[in-house]
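> Have a look; sequence and predicted model below, questions after that.
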2 protein chains.
Amino acid sequence: MKAGNRQNLEYIFNPRAVAVIGASQGDDFAQALMRTKIRDNLFLVNPKHKELLGKNCYASILDIEDAIDYAIIAVPASAVPKVLGECIRKGVKAAHVFSAGFSETGLEERKRLEDEVKETVKGKIRLIGPNCMGIYCPKSGLSFSADASTEEGTVGIISQSGTFAELFASTGKMRNIKLSKAISYGNAIDLDCPDFLEYLAQDPETEVIALYMEGTRNGRRLKSELGKAARKKPVVVLKGGITRHGSRAASSHTGSLAGSAETWSALFRQTGVLQVDNYDELVDTVLALTCSPLPSGKGVSIITHSGGFSVIETDLCVKAGLEVPQFGEQTIRELRKIVPTAGTGVGNPLDAWPIYYDMPGMPGTLSDAIRIIALDKNIHSLVLHFDELRYLKRALGEALDDHLKNLINVMINGCEYARDTIGKPVMICVSVDAYSEDEEDRRYHLMAKKAFESKRFPVYPSLNASTKALFNLYRYGRRFRDQ
Amino acid sequence: MKAGNRQNLEYIFNPRAVAVIGASQGDDFAQALMRTKIRDNLFLVNPKHKELLGKNCYASILDIEDAIDYAIIAVPASAVPKVLGECIRKGVKAAHVFSAGFSETGLEERKRLEDEVKETVKGKIRLIGPNCMGIYCPKSGLSFSADASTEEGTVGIISQSGTFAELFASTGKMRNIKLSKAISYGNAIDLDCPDFLEYLAQDPETEVIALYMEGTRNGRRLKSELGKAARKKPVVVLKGGITRHGSRAASSHTGSLAGSAETWSALFRQTGVLQVDNYDELVDTVLALTCSPLPSGKGVSIITHSGGFSVIETDLCVKAGLEVPQFGEQTIRELRKIVPTAGTGVGNPLDAWPIYYDMPGMPGTLSDAIRIIALDKNIHSLVLHFDELRYLKRALGEALDDHLKNLINVMINGCEYARDTIGKPVMICVSVDAYSEDEEDRRYHLMAKKAFESKRFPVYPSLNASTKALFNLYRYGRRFRDQ
């Protein structure tokens, strides 16, 4: 990055005043910004309106008296060069071009229009886009969607695709992933992925970087910035277009040259970046990296309630790259003291349903069991799969509510010991079917989910999700152990 | 199966009278059966009670005057031989032993107890179990869970694990999979997986067989029955214990010898059985097999709304084993007539968001687009990913409700043409995050899901799920094409 660029990027994430050019009544950007602290330093521009959303509306950015740091441009593609010219005359530091209809259409005249935009901005203003959603930064109030959270977090996402960045922000709200910054950079005719990587690597508010990309115009610089960023903080990447047909789709989406899957994987391996396979794995892995210690080995203990599923879950874990070793002898001896014999096992996975119930004379709790397992040397991390609710409901009837609240505290107590005292990762799995309409069931599962989240445990809707994320924690940790 | 056995199995699925031995107030079996038509031919046995659930309770099965075809035994393991002896004297045709605490504990004296049970029943009564949930058959009213649906369906599931069978029935309720029979057979000291396979293969009410198994005691017979069943109807299997650690877990769960993953995969390939990788894939594949035609090739068209996700979704499809080929020239020409240019593509995936809206002057609908694609020779199946709701909501405000109802009908209209007139599979994907608490969003997504289900389309919560199921449809169809 040239000297001075970092400061220009500061204007992008923390602008003192923002203009939306081409603002309209149903405009997502104007509506989103009216909900944040930007509101008071927001200027709307559209010659068709005198007033919009209760604000004065200007015919041109040149009519605004205040200085403008950042402009969001949402006008038809053909009008973009003229509007950018006005932004430059106005002294705007950076512009985000939302408008689509450039090289991504594959049409020659649209490619020429993009070249014209490129010439217009060169050295005069920094540009994000075109064909993208721009910036979300809850700290300054910048936003690309009225639905986006206003809570500040520690994850920065850089995405070539706007829908992707937006969906990630929206998924984050449900999955307890809070963002520092989100960047959708589209056709990248000026600022490109490496610029944003460099910025987020140095950004003290960003602890984990998530990345979605389809291609690059400057492989050497990308490699250098990936390496630099990954030395400072975890970088997780999903590369789109790694199959032949996917690569064709990518080329029609952002005009990127996608390169071979092997070339990309080698690049990510060499730079220490964690590559993931799909969107869910990206979300799941980022969540784990925001709040979990790293495991010091592959050995996992699964704490579950069903013999049948313990077999399937063990297979899942091993297929993900982990191990589910037998407990040491002392662990088995200690567990046998607190788990009744019939219909249970004190092996790994631990399939000890009776300790989910308050039965008379039970010599130990689920917390005790978790603590015993946490001390086992073969075990480097724990996965607690809470899937006992159906059975508790049948057995306890109206006593369920109190019992469950207590049980959740008991589980959290054991998990905090394992994570905070012993230093082993604990992944929580609370399964709810996406299509479930059993509202009581949903309410109790969400209660458990939120209780674990409030203690900063990563919570997953399926065991598959939690084990893939755990394996990625292991892969990430291995870098440091092998040095 | 020996002559006469088929008739004994008829007594199991369609008993004229049923006894629950060891019935109690909180008993799942007694409670479940009291909710079905079995109620009037149900007899409860427990010397500790005179009356239970409003019914007379007998001290012994021998005290019942009526003939009993089928007994469910839920007494402590040590009492099982005595109780079975009484069932034999009573002339009971078949018994299901729910009680656990036999060979699966790994204890020598429990293994001897199991041998004693085996000797007791030999040639005198057919036995299911021990250590299992037994039978669910909505037609006759047999059930293992008060939550289970009373609706009759076409899927038969055979599972070594009780939790598995029960969860499958419960998932089925949410995913529009209706069962003909579910069988949990546990330690299988008498009736084993091949017996139930033989029965379901001949059962006119069962059109698709799902199977969860951890091992077998008679590989030759299993192979023969798998082959016979798979020649009659689709058989989908999940094999538990295919990894080293999973196999150890399986051995402590049901005492099975698990064998190597390769041996099992070869067995399934040779017998024409579809092996799947995990529970979700089993559910997703069975759903597709109950209601979809088979694709005649690998070419898929994805109909989506987002450029960014169309790349990722193409990669997912190709990684699953399918192809996302470019449309033929005529298809592109026809689509261009109805899809506006800016910000859209008329390639495959089709990323044509404007046709989700009623915009003035739009020359065609989403139904028209689906019909055009269905006629393309490169395309053998369609995946419709309905994920436009967030955008529709923002754009339409209060008009959303009417618009969406209409849009769903428009989509169904196109999909029915593709499936029913042209004969190509159409998979529907309606994404809802399991943890979403946006109730309006959930309600609309569930409305779409149910509308498609009511027209017998398979609906999936993620594109990944739908493409894996579609690839399995392709694998299944290939068997017939290659003959």
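That came through fine.

> what's in contact with the longest helix seen in chain A?
If you go by DSSP state H, chain A has its longest helix at helix A:463-481. Under the criterion Cβ atoms under 8 Å, 6 or more residues apart in numbering or on different chains, residues A:234, A:236, A:272, A:274, A:276, A:280-281, A:284-285, A:287-289, A:292, A:294-298, A:300, A:302, A:313, A:316-317, A:320-322, A:380-381, A:383, A:385, A:425, A:427-429, A:431, A:458, A:460, B:278, B:280 lie in contact with helix A:463-481. C-beta here means a position set from N, CA and C on the backbone, and glycine is covered the same way.

> Kindly recompute the last result at 7 Å.
For helix A:463-481, contacts defined as Cβ atoms under 7 Å, 6 or more residues apart in numbering or on different chains pick out A:234, A:272, A:274, A:276, A:280-281, A:284-285, A:287-288, A:292, A:294-295, A:298, A:300, A:313, A:316-317, A:320-322, A:381, A:383, A:385, A:425, A:427, A:429, A:458, A:460, B:278.

> Now for residue A:338: which residues touch it?
Shown here is residue A:338, whose contacts under the criterion Cβ under 7 Å, 6+ apart are A:355, A:363, A:364, A:368, A:369.

> thinking again about what came up before, whichever of the contacts of helix A:463-481 end up buried, select them in PyMOL.
Under the burial definition 16 or more other Cβ atoms under 10 Å in any protein chain shown, those of the contacts of helix A:463-481 that qualify are selected in PyMOL by:
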select buried, (chain A and resi 234+274+276+280+281+284+285+287+288+292+294+295+298+300+313+316+317+320+322+381+383+385+425+427+429+458+460) or (chain B and resi 278)
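
> Among the contacts of helix A:463-481, which are located in helices?
Counting by DSSP H, the part of the contacts of helix A:463-481 found in helices is A:280, A:281, A:284, A:285, A:287, A:288, A:313, A:316, A:317.

> Kindly identify which of the residues you listed also come near chain B.
The subset of these lying close to chain B, counting by Cβ under 7 Å from any Cβ of the partner chain, consists of residue A:316.

> What is the nearest of the ones in helices among the contacts of helix A:463-481 to residue B:39?
Ranking the ones in helices among the contacts of helix A:463-481 by separation from residue B:39, with Cβ to Cβ as the measure, puts residue A:313 on top at 36.8 Å.

> Please work out the residue of the stretch 1-150 of chain A nearest to chain B and name it.
Here the residue of the stretch 1-150 of chain A nearest chain B is residue A:100; by Cβ to the nearest Cβ that distance is 3.9 Å.

> quick one: which helix or strand includes that residue?
For residue A:100, there is no enclosing helix or strand under DSSP states H and E.

> Might one say that it is in contact with residue A:133?
No. Taking contact to mean Cβ atoms under 7 Å, the distance of 10.8 Å between residue A:100 and residue A:133 leaves them out of contact.

> Between the two, tell me which one has more neighbours.
Set side by side, residue A:100 and residue A:133 show more neighbours around residue A:133, with 29 against 22, by other Cβ atoms under 10 Å in any protein chain shown.

> quick one: residue A:439 from chain B, how far?
The span separating residue A:439 from chain B equals 10 Å under the rule Cβ to the nearest Cβ, to the nearest Å.

> Now the phi/psi pair for that residue, please.
The main-chain torsion angles of residue A:439 are listed as degrees, to the nearest 10 and equal phi -70, psi -30.

> burial measure for it, as a count.
Counted with other Cβ under 10 Å, the neighbours of residue A:439 add up to 9.

> Close to chain B: what parts of the stretch 151-300 of chain A are there?
Proximity of the stretch 151-300 of chain A to chain B is assessed by Cβ under 7 Å from any Cβ, with A:161-164, A:171, A:174-175, A:214, A:240-243, A:245-246, A:248-250, A:252-253, A:278-279 identified as the residues in range.

> excluding its backbone neighbours, what's nearest the residue of the stretch 151-300 of chain A found nearest chain B?
Residue nearest to chain B within the stretch 151-300 of chain A: residue A:161 (2.3 Å; Cβ to the nearest Cβ). Closest residue in space to residue A:161, ignoring its immediate chain neighbours: residue B:308 at 2.3 Å, by Cβ to Cβ, 6 or more residues apart in numbering or on different chains.

> now the helix or strand that contains that neighbour: mean pLDDT?
With secondary structure defined by DSSP H and E, residue B:308 is part of helix B:307-320. Here helix B:307-320 scores 88 as its mean pLDDT.

> now do stretch A:165-177
94.

> Any chance you could list what contacts it?
Taking Cβ under 7 Å, 6+ apart as the criterion, the residues outside stretch A:165-177 that touch it are A:133, A:136, A:144-145, A:147-149, A:153, A:155, A:157, A:159, A:178-179, A:182-184, A:210, A:283, A:286-287, A:290, A:453, B:433, B:435-436.

> repeat that with 8 Å
Residues lying outside stretch A:165-177 but in contact with it, judged by Cβ under 8 Å, 6+ apart, are A:133, A:136, A:144-145, A:147-149, A:153, A:155, A:157, A:159, A:178-179, A:182-184, A:210, A:212, A:279, A:282-283, A:286-287, A:290, A:453, A:458-459, B:309, B:390, B:433, B:435-437.

> Buried ones only from these, please, as a ChimeraX command.
Written as a ChimeraX command, the selection of buried residues from the contacts of stretch A:165-177, which uses 16+ other Cβ under 10 Å, is:
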select /A:133,136,144,145,147,148,149,153,155,157,159,178,179,182,183,184,210,212,279,282,283,286,287,290,453,458,459 /B:309,390,433,435,436
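
> In helices only, show me the contacts of stretch A:165-177.
Per DSSP H, helices hold the following members of the contacts of stretch A:165-177: A:279, A:282, A:283, A:286, A:287, A:290, A:453, B:309, B:390.

> residues contacting the last one?
Just to be clear, that refers to residue B:390. Residue B:390 makes contact with A:147, A:170, B:441, according to Cβ under 8 Å, 6+ apart.

> The same query, at a cut-off of 10 Å, please.
The neighbours of residue B:390, taking Cβ atoms under 10 Å, 6 or more residues apart in numbering or on different chains as the test, are A:145, A:147, A:163, A:166, A:167, A:170, B:305, B:438, B:441.
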